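**Student:** Sharing a sequence plus its predicted fold:
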Amino acid sequence: MIRLANRWAARGRRVTILCGCEEGPARAEVSDAVAVMRTPREIRRGFRSRTRLGRAIARLLPSLDADVLVAPGNFHLPVLRAVHPSPIPLVCKLSNTVARHEGRPLRAALFRWRLRRLSARLDLVVAISPALAREAAALLPGVPIRSIAQPNIADDAVVGPAKTPRQPPRLLCAGRLVPQKNVELALETLARLDKTGATLIIAGDGPERADLEALTVRLNIEHRVEFRGHVPDIAPLLETSDLLLSTSRFEGYPGVVVEALAAGVPIVTTESSPAIPEILADPSFGRIAARDPRALAEAVDAVLEAGGPDLGKLEAAFADNRVERSAAAWLDALDAVVRVPRRR
């Protein structure tokens, strides 16, 4: 969303990022053309922080003369709920799948009920793939939904540079070290790749890091794993990787998968999102495997042996993921929301 905000500002739109805390590695990525406004009293992530942030934003809105309020993901739905009643349209991007808790009917039903309640007063939901849009439409009847591709590829990036395989293979796993990303499964997969001697770079940080480092010792793979911590730019790591391994329990539209393919890096992933089959539209792009170390290791071996993605198909597959095209589609959608009468 920072990429989009920067591009909207470059196109002459007035863009303000409202936040409860201005500290963090993403702050440096915000363009000078984008205003950043912190709530008068700092709000850090914690108990009921989303509700407190929404109420604080509601008090700030009258002074901003804004036309529309956009939330960057599902996590921020309670923020928009707390803004109600809002004097301007409310828009939320769906950053994660809305189908959760497979095999747990009661929790799934509770999740769906809460999602409908939080989304009921939205003027638009933006899903970042057609599959996610269909999923959302089934769960959120009556809420306007539009599909717009995620801006994962720079406008001047050359898609799919050819790669020379390394020996031993170098795998990359990227994401916050939290339960959702299931990095433990990635380590267990690496342990089954002992014949190849593959190594694993983990780009990301989070509360599970100490436990994951301890797991590498128990699996006797600590000499084959490198924890890089937070990485502001994944591109240099993609240039030196042979495969991206994604073991998430659930995702929306995993942008790092698209970024990896655009860099010519094939994928092995769990089916963490209905968008995954859309992204891996060509067999040369990679494989989807069960959430099982053996199945994932077999898929890694097969993808490494097959070589990289078909470069001729990558550009066509991800043309809509260019930043400029995505930003333009977003502005068309937001302008349309501002023009139409508010939903009640």
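**Tutor:** In hand now; what should we look at? Numbers count the residues shown, from 1 in each chain.
**Student:** What's the local residue count around residue 243?
**Tutor:** By other C-beta atoms under 10 Å, 24 other residues sit near residue 243. For glycine as for every other residue, the C-beta is placed from the backbone atoms N, C-alpha and C.
**Student:** quick one: it and residue 173 touch, right?
**Tutor:** No: assessed by C-beta atoms under 8 Å, residue 243 is found out of contact with residue 173, at 9.9 Å.
**Student:** okay, now residue 114: neighbour count?
**Tutor:** Applying other C-beta under 10 Å, I find that residue 114 has 12 neighbouring residues.
**Student:** Packing partners of the strand or helix carrying it?
**Tutor:** Assigning secondary structure by DSSP states H and E places residue 114 in helix 105-119. When contacts are defined as 3 or more C-beta pairs under 8 Å, 6 or more residues apart in numbering; DSSP states H and E, helix 105-119 packs onto helix 77-83, helix 130-139.
**Student:** now for the ones you listed, which one comes closest to residue 61?
**Tutor:** Nearest to residue 61, of all the helices and strands packed on helix 105-119, is helix 77-83, at 7.4 Å by C-beta to C-beta.
**Student:** What is the subsequent helix or strand relative to the closest one?
**Tutor:** Taking DSSP H and E, what comes next after helix 77-83 is strand 90-94.
**Student:** burial measure for residue 149, as a count.
**Tutor:** Residues near residue 149, counting by other C-beta under 10 Å: 20.
**Student:** repeat for the one 5 residues further on
**Tutor:** Residue neighbour count, defined by other C-beta under 10 Å, stands at 14 for residue 154.
**Student:** again, but for residue 337
**Tutor:** Neighbour tally, residue 337, other C-beta under 10 Å: 23.
**Student:** where are the low-confidence patches of the stretch 101-250 of the chain?
**Tutor:** 101-103, 162-163 (pLDDT under 70).
**Student:** can you pull out the helices in it?
**Tutor:** 105-119, 130-139, 183-191, 209-218, 235-239 (DSSP state H, counting those that start in this stretch).
**Student:** Any chance of TSV for the ones you listed, columns distance to residue 3?
**Tutor:** As requested, the helices of the stretch 101-250 of the chain are exported to TSV (distance: least, C-beta to C-beta, whole Å):
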stretch	distance to residue 3
helix 105-119	24
helix 130-139	19
helix 183-191	25
helix 209-218	27
helix 235-239	14
